[in-house]
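>>> Fold the stuff below for me.
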Amino acid sequence: MSCAKSSGWNAGEAAAQAPSRSCSSRRPLEIIGVVFLFLYFWPLAVTYLVWKFMGYPVPHELRRAVEENVLNPMRNMRWGAPTGFAGTGNLAFDEYRRSELERLERERRKLDDEAREFRDFVEELKRAKDREEFDAYMARRRNSGPTVA
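Here you go, the predicted structure:
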């Protein structure tokens, strides 16, 4: 853990996970370790230093940050094709493309709404079943008479 306050992109979690003991005794070992890493396997040393300067992010946060900032833009990139919603130069095609994208977006929202309604329906069925089971239990309990502890 870092001895200094983290000012990285996940400073909130780093502050919550403050070290329980002083880091001053580990600082020389850390420096020696990084020097040896640079001498024997420099890519690992560079990786460690980047990880340290990012504020020691936990793996799932680091993975999410890499996906959002590196992988997703690369996946969306088309080599040799116009990026984003740049026009093709043909106004009729651009209008057709825009209308189709809007239609697909409406369909996606419609499917999301249907999925939400279905989840609500299933949740209501679970509640009804739980209520039925509870009522049956209470009726059985009332019919068997008082229990003596």
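>>> Output the below-cut-off pLDDT ranges for this protein.
Applying pLDDT under 70 to the chain flags residues 1-24, 57, 76-85, 146-149.
>>> What helix or strand is the spatially most central residue of it located in?
Residue closest to the mean C-alpha point of the chain, counted by CA atoms, centre = their mean, is residue 64 at 5.7 Å. Following DSSP states H and E, one finds residue 64 within helix 59-66.
>>> Could you pull out the buried residues of that helix?
Buried residues in helix 59-66, counted by 16 or more other CB atoms under 10 Å: residue 62. All C-beta spots, glycine's among them, are computed from the backbone N, C-alpha and C.
>>> from memory residue 44 sits against residue 37, does it?
Yes: using CB atoms under 8 Å, residue 44 makes contact with residue 37 at a distance of 5.4 Å.
>>> Among the two, which residue is more densely surrounded?
Taking neighbours as other CB atoms under 10 Å, residue 44 and residue 37 compare with residue 37 leading, 17 against 12.
>>> Not counting residues beside it along the chain, what's closest to that one?
Spatially, and ignoring its direct neighbours in sequence, residue 37 is nearest to residue 45 (3.5 Å; CB to CB, 6 or more residues apart in numbering).
>>> Contacts only, for the one you found.
Neighbour list for residue 45: 34, 37, 38 [criterion: CB atoms under 8 Å, 6 or more residues apart in numbering].
>>> quick one: the second one and residue 43 touch, right?
If I follow you right, that is residue 37. No: using CB under 8 Å, residue 37 is not in contact with residue 43; the gap is 9.0 Å.
>>> which residues are common contacts for those two?
In terms of CB under 8 Å, 6+ apart, residue 37 and residue 43 are not both contacted by any residue.
>>> in this protein, which spans are helices?
With DSSP state H, the ranges of helices along the chain come out as 11-16, 27-40, 42-53, 59-66, 72-76, 91-144.
>>> quick one: the fifth one to chain centroid distance?
Same thing as helix 72-76. Relative to the centre of its chain, helix 72-76 is centred 17 Å away, using CA atoms, centre = their mean, to the nearest Å.
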